[in-house]
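Engineer: Turn this into a model:
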Amino acid sequence: MKNTALTRTHEALGAKIVPFAGYNMPVSYEGVNTEHETVRKGVGVFDVSHMGEFLISGPNALALIQKVTSNDAAKLTIGRAQYSCLPNETGGIVDDLIVYRIKEDQYLLVVNASNIDKDWNHISSYNSEYKAEMRNISEGYSLLAIQGPKAVEAMQSLTTVDLSAIKFYHFEVADFAGIEHVIISATGYTGSGGFEIYCKNEDVLQIWDRVFEAGADFGIKPIGLAARDTLRLEMGYCLYGNDISDTTSPFEAGLGWITKFTKDFVNSDALAKEKARGTERKLIAFELDDRGIPRHDYDIVDGQGKKIGVVTSGTMSPMLGKGIGLGYVPSVLSEIGSKIHIQIRKNAVPATVVKLPFYKE
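Structural biologist: Below is the predicted model:
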């Protein structure tokens, strides 16, 4: 297992460390519910330095990105970011990612930790035509997610940039916590606002310490990956390997909004046909009507106990106090208000298909 530049810091703080995507990562400090509430109501900091970063540069950088991603990166101006995915050749998804336009001909692609090698090889396989410069800088960079409604106020003293002026999915490259050329991005995986900070490994400890000094009066706390998962699920954000995969199409997963046919991209012809005819199954969000906790891979059944789908993500929502989840069912059963059941051990627990997000502030 690899360590991040902050692993020793997490250990000193008493974090429970677990193997995740090839790294030793903090899964919790005080417990998932406490940490979850800290982010929803205040400000918390995640070390997500296991994520991958690719720099794509040169005159044909955009052309390569347009070919391998589903969203329209031509709409990005310098200082803007975009959620997208990498379609594969067979109707599924290689990974989901964020594309940042850093300079006129330079882009940063941020990919999931467990898919770094797979994504690199996939993008590289198309680059022979475009010959863009590709650099995998994952090993040299750290990523902190400073999330929560108090993040702007708590962090403002660390930079001369007006943090409140950075719009969602926009970013600035600026001094932060005494370090030059830091990416301050108004993005995150929690739905509670805040920033993601990209910096070099050698600078992250100084930034971590300064962040906690600046946030002390705001009740800032370190947050582990367990709360990151419950936070993203309350918003209905997809998790690669659970809700989306090599065998789920963007349209099945409700990601048609990042699939733009204004350009030619990998498998775009087949995906356009799928959009036109509709999909046989869809990813739904559901809430349990009775007590219980849905989990990944639990069966979704009908009123007679017949399996009709599978839960891809599930948890007990800390903010709602009820079981929530995502899963795939036949499209005819995907309408809001539809009644389904989740097989939890011997009990078929009734549930209702609901509109996302589960939690609204």
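Engineer: so the residue of the chain most remote from its centre, which of the three states?
Structural biologist: For the chain, the residue at maximal distance from the C-alpha centroid (C-alpha atoms, centre = their mean) is Q304, at 35.8 Å. Taken by DSSP: H, G, I helix; E, B strand; the rest coil, the conformation at Q304 corresponds to coil.
Engineer: Are we agreed that D96 is in a strand?
Structural biologist: Yes: assessed with three-state DSSP, D96 lies in a strand.
Engineer: Which positions are bridged to it in the beta structure?
Structural biologist: Here D96 sits in beta bridges with C85, as judged by DSSP bridges.
Engineer: Pretty sure it sits against I244.
Structural biologist: Yes: assessed by C-beta atoms under 8 Å, D96 is found in contact with I244 at 6.3 Å. (Each C-beta comes from the backbone N, C-alpha and C, glycine too.)
Engineer: Between these two, which contacts overlap?
Structural biologist: The overlap between the contact sets of D96 and I244 (C-beta atoms under 8 Å, 6 or more residues apart in numbering) consists of 85, 238, 255.
Engineer: Adding neighbour count, distance to A285 and pLDDT, write those residues out as TSV.
Structural biologist: Converted to TSV, the shared contacts of D96 and I244 look like this (neighbours: other C-beta atoms under 10 Å; distance: C-beta to C-beta, whole Å; pLDDT from 0 to 100):
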residue	neighbour count	distance to A285	pLDDT
C85	24	19	98
C238	22	11	98
L255	22	14	98
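Engineer: Which of the residues you listed sits closest to I17?
Structural biologist: C238 (25.9 Å; C-beta to C-beta).
Engineer: where does that closest one fall, helix, sheet strand or coil?
Structural biologist: Relying on three-state DSSP, one would call C238 coil.
Engineer: where's it relative to I78, distance?
Structural biologist: 28 Å (C-beta to C-beta, to the nearest Å).
Engineer: Spell out the residue ranges of the helices in this structure.
Structural biologist: For the chain, the helices defined by DSSP state H cover 7-12, 32-41, 61-68, 116-130, 151-155, 201-214, 225-235, 268-277.
Engineer: residues in contact with the nearest residue to L158 once chain neighbours are set aside?
Structural biologist: Closest residue to L158 apart from its sequence neighbours, by C-beta to C-beta, 6 or more residues apart in numbering: A177 at 4.6 Å. For A177, the contact set (C-beta under 8 Å, 6+ apart) comprises 158-159, 206-207, 210-211, 214.
Engineer: Please apply the same query to V301.
Structural biologist: Per C-beta under 8 Å, 6+ apart, neighbours of V301: 307-308, 340-343, 348.
Engineer: per-residue pLDDT, the nearest residue to it once chain neighbours are set aside?
Structural biologist: Nearest residue to V301, sequence neighbours excluded (C-beta to C-beta, 6+ apart): H341, at 4.8 Å. For H341, the pLDDT comes out at 98.
Engineer: show me the contacts for H341.
Structural biologist: 300-303, 305, 348-351.
Engineer: nearest to L144, of the helices of the chain?
Structural biologist: Of the helices of the chain, nearest to L144 by C-beta to C-beta is helix 201-214, at 6.7 Å.
Engineer: Good, we can wrap up now.
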